[in-house]
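In: Below is the sequence, then the predicted model.
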Amino acid sequence: MLLNEYRKQIEQSLKIAITQMGEKNRLRDACEYTLTCGGKRIRPLIVLLIAEALGQRQDVLPVALSVEFFHTASLIADDLPCMDNDDFRRSRPSLHKEFGENIAILASYTLIAAGYEGIYKNTEIMKKDPLFVEKANEALFLSLGAATRCAGIQGATNGQFLDLFPPDANLETIHKIIYQKTVTLFEISFVLGWLFGGGAPSSIQSLKDCAYHLGMAFQIADDLDDDIQDASTKNITNIVRVWGREKSKFLLKKEILLFRESLEGLGLWTPTFQELYFFLFSSAIDKISVKGTF
């Protein structure tokens, strides 16, 4: 499987990146603990697969790690007692349970900073290539803008706030939570992978649309799986609570199809992206009982 080779590359690069975060102490150990506790690595995979589709014109590993750092930092914060209060993450004690809340918060700060450092590193790599040196600063500015917006109060941060304090259970509120908390982190992956892979900035809106369809499908599928558990905890931000299972499954199918169409339109429907597509959604596709074909 091609995806497994990319995952191995990501894991090896993460190990190296951890050693470059500074002297070994409990803070660096906490970063290592949370970065090596598994996960599908979907977001850095997207970055690498975009570079592959663009012809591997640029090394995008630094920004591939950046999106994983941003994502992991958000998970650390989500798990804190003052947030979602989760004691476990991927079958291991959450970071704050293992290292304490103070170190967990500092680890989150560390990974956010490391994410922005990756954007800087990739800019320097781009500047060394005569074919892309003129694109380097534009890629830097656009990527910083995307990362800042998507990770900040217009994106994942506000999404977590609304998830904690939803003003109501209306569809508009739930849609905003999904967009800000889930879609935006996929958006960073698509935009950074495309710009540092040498793609034209004129396609950014299409990339955002592609990320939107992926993020919506991803969250709806997750909400369908969590529906029974969320009902017992009265989670009002589960989209199935508002739409019901059948309408949610119909929308899930629509978003999955639109995601594929977006990939095709961007020239990203490569064998490896197809592998990721079916890895993410084959189970959901099997469960959807509405008319239509995939």
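Out: Alright, I've got the coordinates. Residues are numbered from 1 along each chain as shown.
In: what helix or strand is the residue with the largest distance to the centre of the chain on?
Out: Distance to the chain centre peaks in the chain at P130, reaching 30.9 Å (criterion: C-alpha atoms, centre = their mean). Here P130 sits in a region with no helix or strand, counting by DSSP states H and E.
In: What's the separation between it and W194?
Out: For P130, the distance to W194 equals 21 Å [C-beta to C-beta, to the nearest Å]. Quick note: C-beta positions are derived from backbone N, CA and C, even for glycine.
In: what does I256 give?
Out: Where W194 is concerned, I256 sits at a distance of 21 Å (C-beta to C-beta).
In: Those two: which has the busier surroundings?
Out: W194 (29 against 24; other C-beta atoms under 10 Å).
In: that's a helix at that one, yeah?
Out: Yes: applying DSSP: H, G, I helix; E, B strand; the rest coil, one finds W194 inside a helix.
In: Could you report the pLDDT at it?
Out: In the predicted model, W194 carries a pLDDT score of 97.
In: same check, this time on D223
Out: D223 is assigned 89 on the pLDDT scale.
In: again with F294
Out: With respect to pLDDT, F294 scores 45.
In: Then K234?
Out: Confidence for K234, expressed as pLDDT, is 55.
In: how about the helices in this protein?
Out: For the chain, applying DSSP state H gives helices covering 2-19, 26-35, 42-53, 61-79, 95-99, 101-127, 133-151, 156-164, 171-178, 184-196, 204-233, 239-243, 245-265, 271-287.
In: Output these as CSV; include the columns distance to D87.
Out: Below are the helices of the chain laid out as CSV (distance: least, C-beta to C-beta, whole Å):
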stretch, distance to D87
helix 2-19, 24
helix 26-35, 14
helix 42-53, 24
helix 61-79, 8
helix 95-99, 5
helix 101-127, 12
helix 133-151, 25
helix 156-164, 18
helix 171-178, 23
helix 184-196, 23
helix 204-233, 15
helix 239-243, 24
helix 245-265, 29
helix 271-287, 27
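In: Need the winner for burial among these.
Out: When neighbours are counted by mean count of other C-beta atoms under 10 Å, the highest per-stretch mean among the helices of the chain falls to helix 184-196, a mean of 29.
In: Give me the helices and strands touching that helix, please.
Out: Identification of packing neighbours for helix 184-196 by 3 or more C-beta pairs under 8 Å, 6 or more residues apart in numbering; DSSP states H and E yields helix 42-53, helix 61-79, helix 101-127, helix 133-151, helix 156-164, helix 204-233.
In: need the contact list for the closest residue to A73 other than its chain neighbours.
Out: Spatially, and ignoring its direct neighbours in sequence, A73 is nearest to L111 (4.1 Å; C-beta to C-beta, 6 or more residues apart in numbering). Residues counted as contacts of L111 (C-beta atoms under 8 Å, 6 or more residues apart in numbering) are C31, T34, L35, F69, F70, T72, A73, I76.
In: If we use 6 Å, what do you get?
Out: F69, T72, A73 (C-beta atoms under 6 Å, 6 or more residues apart in numbering).
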